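Enquirer: model the structure of this input:
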Amino acid sequence: MAFNPIGFLGEGIKIIGGVLNNDTISNIGKGLTGENNDIPPEKKAQLQTLLYDHVEKMRSLGIEEMKVKMDELRLAISEDIEMIKSPDKYVSRARPTSLYAAVVLTSFMVVVVGILMLNKISIDWSGVASVSSLILPLWGHAAWYSKLRTDEKLAQGKKQDDA
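Expert: Numbers count the residues shown, from 1 in each chain. Prediction:
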């Protein structure tokens, strides 16, 4: 049997859900591992009805409610802009969280795949590709952060040279 990273991720999420005593998180893990495939047809029909009701409710949201949501979003964005404009460098500088996440996740995946290969356990490479496709945007954001940070440092250096 091949190693399936999605199933492995699901098992991890189930464990986290159990530790936190959160059924929703546990059910997400069960869904990733395929344990929720035994849903009776009546329950599936009920869930489908709830889904349709939810979609209709979302469609019926009034324009006024949408304006309120947009105002809340504008407020949140304006707070972020004010932080960026702050003269305090610690407040204004973005943190490379996506870089940290990309390094940790990539390292973890490399270690797991390496251990599996050393123990001659077959690997479901489509699952590895799926997990990799989730990590790639983090690396893209990390590269963009690095570029902006480099531009900022070059601009500071040029400003000091001109002085």
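
Enquirer: okay, now the closest residue to Gly18 other than its chain neighbours: neighbour count?
Expert: Closest residue in space to Gly18, ignoring its immediate chain neighbours: Ser26 at 6.0 Å, by CB to CB, 6 or more residues apart in numbering. Placement of C-beta: from N, CA and C, glycine included. For Ser26, the count of nearby residues is 19 (other CB atoms under 10 Å).

Enquirer: what are the contacting residues of the host helix or strand of Ser26?
Expert: Here Ser26 sits within helix 23-33, counting by DSSP states H and E. Residues from elsewhere that reach helix 23-33 (CB atoms under 8 Å, 6 or more residues apart in numbering): 6-7, 9-18, 36.

Enquirer: and the two most separated of those residues?
Expert: Spanning the widest gap among the contacts of helix 23-33 are Ile6 and Gly18, at 18.8 Å by CB to CB.

Enquirer: so these two - more neighbours on which side?
Expert: For the pair Ile6 and Gly18, the greater number of neighbours falls to Ile6 (16 against 13), based on other CB under 10 Å.

Enquirer: OK, contacts around the more buried one?
Expert: Neighbouring residues of Ile6 by CB under 8 Å, 6+ apart: Leu32, Gly127, Ser130, Val131.

Enquirer: related to what we said a few turns ago, among the contacts of helix 23-33, which ones are buried?
Expert: When neighbours are counted using 16 or more other CB atoms under 10 Å, the contacts of helix 23-33 contain these buried positions: Ile6, Gly7, Leu9, Gly10, Glu11, Ile13, Lys14, Gly17.

Enquirer: which of those residues fall in helices?
Expert: Using DSSP state H, the members of the buried ones among the contacts of helix 23-33 that fall in helices are Ile6, Gly7, Leu9, Gly10, Glu11, Ile13, Lys14, Gly17.
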